[in-house]
Each structure stands twice: as structure tokens, then as C-alpha cells.
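Visitor: Based on what follows, work out the 3D shape:
(one chain, ligands or ions: 1)
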Amino acid sequence: MDILFDTANLDDIERLTPIYPVTGVTTNPSILKKEGPVDFYAHFRRIREIIGTDRTLHVQVLAKDAQGMIDDAHRLLDKIDDKVYAKIPTTEAGIAAMRHLKAEGINVTATAIYSKTQGFLAIATGVDYLAPYYNRMQALDIDTKGTLQALSGFIARFDAPSKIMAASFKNIVQVSHALEAGADAVTLSPKLLRQALSAPDITHAVDDFIDDWRSVYGTTTLP
Ligand SMILES: O=C[C@H](O)COP(=O)(O)O
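Guide: Residues are numbered from 1 along each chain as shown. Purely as a prediction, here's the structure:
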């Protein structure tokens, strides 16, 4: 199972990567906007320094046409490093760009996926990851679990190399539902993970254990 941080915040990545079992970092221009006008390539080189080369780094292209996407992907690889996963929106131009980039042996993540059609086209193109937008699909009344189950079934049936990396989560229930439905990977903001672990019931359970110990032994440490 892959868990990735969907953030470009250097402090969060630096502080939380040693704690959580994350296998990579994903971003897009809207996520990057939250960091202000950072030096784009330097920022991603810094993220790479923090996460190392064993974790994956997914950075999105900006162009809308196929050649522009291909050129953007090359820029990302030249100016960050050649292990970067180029995130390509799954449009008609995107599919053309993905085919070209995969033929060059470049790591590709197909993004902005809302439908089975986009998903099976990305799978047929041989992308490494495909990123269905879980919350945005739900907001459109799209059957999110059914879509993920179908895509997971296609990958298994055709022995495709692609992994499903579900994205666009607004709560932790969506994350577990995506994994149950067949997602191989989930990318989410560190805030969602931290919120899930700081639920009052969890804190109370831990406090109750310590209180019970103290009531018997009068201390809060093991002898
Ligand atoms: O890059 C994909 C993001 O996970 C999309 O998330 P969002 O729906 O919160 O913008």
C-alpha cells in the first residue's frame, strides 16, 4: 500500500515524513499556490532532498496541448531530477502526451480522472499511476467505489503495470473507502491523517489507561 502526502509544504513534509509511512509526495498548481510564489524548481529539489530518492515525487505539467505537456515533463525532469513522475491531466492531449512520455521511459501519473473511460485509457497507455479524484467524483454523484473497483479489475484482468492512486480526499472515510474499493495508493493532506489520529476517543482511551495505572501504582511510568 502506498500512502502519499498531497502537499508542497516543506515544514509538513520535513516534520511528518519521518513519522508517517509515506511513500511519496504529490502536488498540483493549486496545492503549490498555498505556498505562495516559491521558486518552483528549487522548491521541488528541496522536497526531493527531504524525501530522498526511494520515495516518489509527482509534479504536474501546466500546458494543455500534447507537445506542451511533453516539453513541460522534460523541463521537470531536467530541472528537478529524472525520477520525477510527470502528472498529466487525462484529456485527449494528455493521452497523446502520456503515450509519448511512456515510450521515452518517463514516469507518468495520469491525473484529473473522474470516469472509467479516462481510467481505462490511462491504463491502456501504460501509465505508472492513475489518480481518480474521489471527493470531486462524489460531489458529481459519480459512483466512486464502483469506478475504483472497475479500474482495479481492468488492471488485474489485463495484467497492466498501472497502480490506482486515489486523490482529492476531504475526509478520512473517503480514504478507507478508496482503499477498500481497490486503490493501491492514496494521496492526502497530512492534516487529514493528523486529524484522524487526534480524534477525542483515541486520546481518551490513552488517558484512561494511564489514569488506571496511576490509580494502582501512583505513577505514570513503568517500573
Ligand atoms: O491533485 C489532485 C488533488 O488531490 C485534487 O484535490 P482537490 O479536489 O482537493 O483539489
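Visitor: wait, isn't residue 108 in contact with residue 95?
Guide: No - at 10.7 Å, residue 108 does not count as touching residue 95 under the criterion of C-beta atoms under 8 Å. In short, each C-beta sits where N, CA and C put it, glycine included.
Visitor: residues in contact with residue 20?
Guide: Shown in contact with residue 20 (C-beta atoms under 8 Å, 6 or more residues apart in numbering): 3, 5, 190, 193.
Visitor: Any idea how many residues pack against the second one?
Guide: By the criterion of other C-beta atoms under 10 Å, residue 5 has 25 neighbours.
Visitor: can you pull the buried residues of the lowest-mean-pLDDT helix or strand in the chain?
Guide: The helix or strand of the chain with the lowest confidence, counting by mean pLDDT, DSSP states H and E, is helix 190-197 at a mean of 95. Judged by neighbour count using 16 or more other C-beta atoms under 10 Å, the buried positions of helix 190-197 are 190, 192-193.
Visitor: Likewise for stretch 155-163?
Guide: Result for stretch 155-163 [16+ other C-beta under 10 Å]: buried residues 155, 160, 162-163.
Visitor: what residues does this protein put near the ligand?
Guide: 6, 28, 30, 111, 133, 135-136, 167-168, 187 (C-beta under 6 Å from any ligand atom).
Visitor: what pairs with the most centrally placed residue in the chain across the strands?
Guide: Nearest to the mean C-alpha position of the chain, counting by C-alpha atoms, centre = their mean, stands residue 187 at 2.7 Å. Note on residue 187: beta-bridge partners by DSSP bridges are residue 4.
Visitor: Pull out the buried residues from the residues of the chain next to the ligand.
Guide: 6, 28, 111, 133, 136, 167-168, 187.
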